[in-house]
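[1] Sequence first, then the predicted structure, then my questions.
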Amino acid sequence: MVQALNRFTDVEARLVNFNPRIYGNRAFDEDIDFTKQSELVHELVEKADIVHCHHWIELQNNPFGIDLTRKLVVRQFHSEPGFVSRHAGVPVEIILNDRCPQLVVAQFHERLYPNARPVPNLLNFDSIDIALGAPLLAKKNAKCSVSFAPTSEVPAGMDRWNTKGAPETLVLLGKLQSELDFNMDVFRDLPHAQSLIRKASADIVIDDMVTGSYHLSGLEAMALGKPTLGFLDSRMVATLCLLTGSASLPWINMHLTALPKALVHLLKNVELRCNLGQYSAAWMRQYWNTQNLVVHYVQAYQDILRGQTHLRQIPINALSDQVIPDLNWLSLTEGLYSVN
């Protein structure tokens with residue numbers, strides 16, 4: 001996001017990371033490490049017109065030792081409110097009703113933050129192009145490779161959103177692998193550049209096929225030209241169509257229960273995989289174009305500078321009838337796993 005703002009807009013942005021080690025091996029591009037450059041951070045905050053905080057930070061008693069009550073602050077959320085609450089030690093009600101302007105990444109989180117404006121999770125297409133130009137991983141055999149990159153270890157059925165569908169998907173892929181004879185590439189906690197090369201080397205990529213949302217991994221896979229299966233419920237589809245201006249989306253949109261039949265066709269049909277991958281890559285370059293989508297952030301900043309504090313444009317209940325109820329979500333996959 002910061003790279004896009006600096007490259008394509010008049011906004012001058014810097015990224016401050018309070019704890020770079022929190023991502024483990026999943027290394028991402030860094031700008032400013034607070035643990036090493038605290039004085040620079042204080043200078044930048046003093047000069048900033050807007051301080052853009054990700055997740056939750058106290059305006060006064062925060063790890064930066066900076067009083068942010070004197071600044072215009074916008075909060076952006078990347079996880080559901082319960083997750084943010086548990087990690088910040090702040091009640092959900094305080095998070096949702098906070099008076100600071102709020103943004104929320106346009107995934108499932110959108111429906112959970114009534115005051116937040118949905119914004120896109122931007123891709124760095126330079127990283128995509130580097131991965132496309134890198135040597136692919138050597139295949140052990142001629143079998144197709146199916147890639148899945150879960151980032152959650154939450155047990156199935158315990159939490160709709162934070163499982164990302166991983167437990168059920170892993171169980172079913174394990175069964176299908178023995179029946180359909182393909183290579184399964186499951187990985188997690190890799191440096192970002194390595195994960196992109198793994199996906200670029202795959203024939204088929206699995207996104208979240210359970211919860212009704214999607215993840216950054218799926219966006220990257222489609223940008224890499226891979227046929228990508230995911231389950232987006234109708235609210236998620238409507239949100240993305242409004243955000244991008246596109247009447248269609250490139251995911252092979254189906255629930256995990258439909259995966260066995262779909263995988264049979266994809267594994268057998270090279271031309272189908274190629275056509276779907278080409279369509280996905282073209283769609284991503286047109287509709288998830290970073291230069292166009294970063295405007296959503298610029299517009300939010302302009303609204304904040306004009307004094308707007310409530311950034312939500314579409315009422316949260318406008319799409320409420322399109323959400324799959326939690327009980328229905330659970331019943332769809334109850335035959336695929338045992339709830340622990």
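    Alright, I've got the coordinates. Numbers count the residues shown, from 1 in each chain.
[2] residues contacting Pro250?
    By C-beta atoms under 8 Å, 6 or more residues apart in numbering, the residues touching Pro250 are Met222, Thr228, Tyr279, Ser280, Trp283, Met284. In short, each C-beta sits where N, CA and C put it, glycine included.
[3] Name the member of the residues you listed with the most neighbours.
    When neighbours are counted by other C-beta atoms under 10 Å, Met222 leads those with 31 neighbours.
[4] Does anything pack onto the helix or strand hosting it? Which helices or strands?
    Met222 belongs to helix 216-223 when assigned by DSSP states H and E. If you count contacts as 3 or more C-beta pairs under 8 Å, 6 or more residues apart in numbering; DSSP states H and E, helix 216-223 packs onto helix 125-133, helix 192-200, strand 204-206, strand 228-230, helix 270-287.
[5] same thing but 7 Å
    Counting contacts by 3 or more C-beta pairs under 7 Å, 6 or more residues apart in numbering; DSSP states H and E, helix 216-223 packs against helix 125-133, helix 192-200, strand 228-230, helix 270-287.
[6] domain assignment for this protein?
    Per automatic domain parsing, the structural domains of the chain span 2-123+293-317, 125-289.
[7] Low-confidence ranges, the protein, go.
    Scanning the chain for pLDDT under 70 picks out 19-29, 152, 154-160, 314-340.
[8] Please enumerate the helices of it.
    Using DSSP state H, the helices of the chain run over residues 2-8, 38-47, 81-88, 92-96, 125-133, 166-180, 192-200, 216-223, 234-244, 259-268, 270-287, 290-293, 295-305, 326-333.
[9] Now do the buried residues in the second one.
    Spelled out, that is helix 38-47. Ser38, Val41, Leu44, Val45 (16 or more other C-beta atoms under 10 Å).
[10] Could you do the fifth one as well?
    Neighbour-count burial for helix 125-133, counted by 16+ other C-beta under 10 Å, picks out Phe125, Ser127, Ile128, Ala131, Leu132.
[11] Tell me the one of those residues nearest Trp288?
    Phe125 (8.8 Å; C-beta to C-beta).
[12] neighbours of the nearest residue to that closest one once chain neighbours are set aside, just the number please.
    With sequence-adjacent residues excluded and distances taken as C-beta to C-beta, 6 or more residues apart in numbering, Phe125 is closest to Thr290, at 6.1 Å. Thr290: 18 surrounding residues under other C-beta under 10 Å.
[13] Contacts made by the helix holding Met222 with the rest, please.
    Here helix 216-223 makes contact (C-beta atoms under 7 Å, 6 or more residues apart in numbering) with 121, 123, 125, 128, 149, 196, 199, 205, 207, 228, 230, 250-251, 280-281, 284, 288.
[14] Likewise for stretch 267-284?
    With contacts defined as C-beta under 7 Å, 6+ apart, stretch 267-284 is touched by 144, 180, 182, 203-204, 222-223, 225-228, 250, 252, 265-266.
[15] Which residues are in contact with Phe148?
    With C-beta under 7 Å, 6+ apart, Phe148 has these contacts: Thr169, Leu173, Val186, Ile206.
[16] The third one and Pro135, how far apart?
    Val186 sits 21 Å away from Pro135 when distances are taken as C-beta to C-beta, to the nearest Å.
[17] Can you pick out the residue with more neighbours from these two?
    Val186 (16 against 8).
[18] in the sheet, who's paired with the more buried one?
    Following DSSP bridges, Val186 is listed with bridge partners Phe148.
[19] What is the burial count for the nearest residue to Pro63 once chain neighbours are set aside?
    Once flanking residues are discounted, Pro63 sits nearest to Phe18: 5.6 Å by C-beta to C-beta, 6+ apart. Counted with other C-beta under 10 Å, residues neighbouring Phe18 total 16.
[20] pretty sure Phe18 contacts Ile32?
    No - using C-beta atoms under 7 Å as the test, Phe18 is too far from Ile32 to be in contact (10.0 Å).
[21] Single out the most deeply packed of the domains of the chain.
    For these, the largest average neighbour count (mean count of other C-beta atoms under 10 Å) is found in domain 125-289, namely a mean of 18.
[22] Endpoints of that one, how far apart?
    9 Å (C-alpha to C-alpha, to the nearest Å).
[23] How about stretch 177-186?
    One end of stretch 177-186 to the other measures 12 Å (C-alpha to C-alpha).
[24] now what about it, what contacts it?
    143-148, 170, 173, 198, 202, 263-264, 267.
[25] Distance to Glu80 for the residues you listed - can I get that in JSON lines?
    Listed next are those as JSON lines, based on distance: C-beta to C-beta, whole Å:
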{"residue": "Lys143", "distance to Glu80": "37"}
{"residue": "Cys144", "distance to Glu80": "34"}
{"residue": "Ser145", "distance to Glu80": "32"}
{"residue": "Val146", "distance to Glu80": "28"}
{"residue": "Ser147", "distance to Glu80": "25"}
{"residue": "Phe148", "distance to Glu80": "22"}
{"residue": "Leu170", "distance to Glu80": "22"}
{"residue": "Leu173", "distance to Glu80": "25"}
{"residue": "Arg198", "distance to Glu80": "27"}
{"residue": "Ala202", "distance to Glu80": "28"}
{"residue": "Leu263", "distance to Glu80": "29"}
{"residue": "Val264", "distance to Glu80": "34"}
{"residue": "Leu267", "distance to Glu80": "34"}
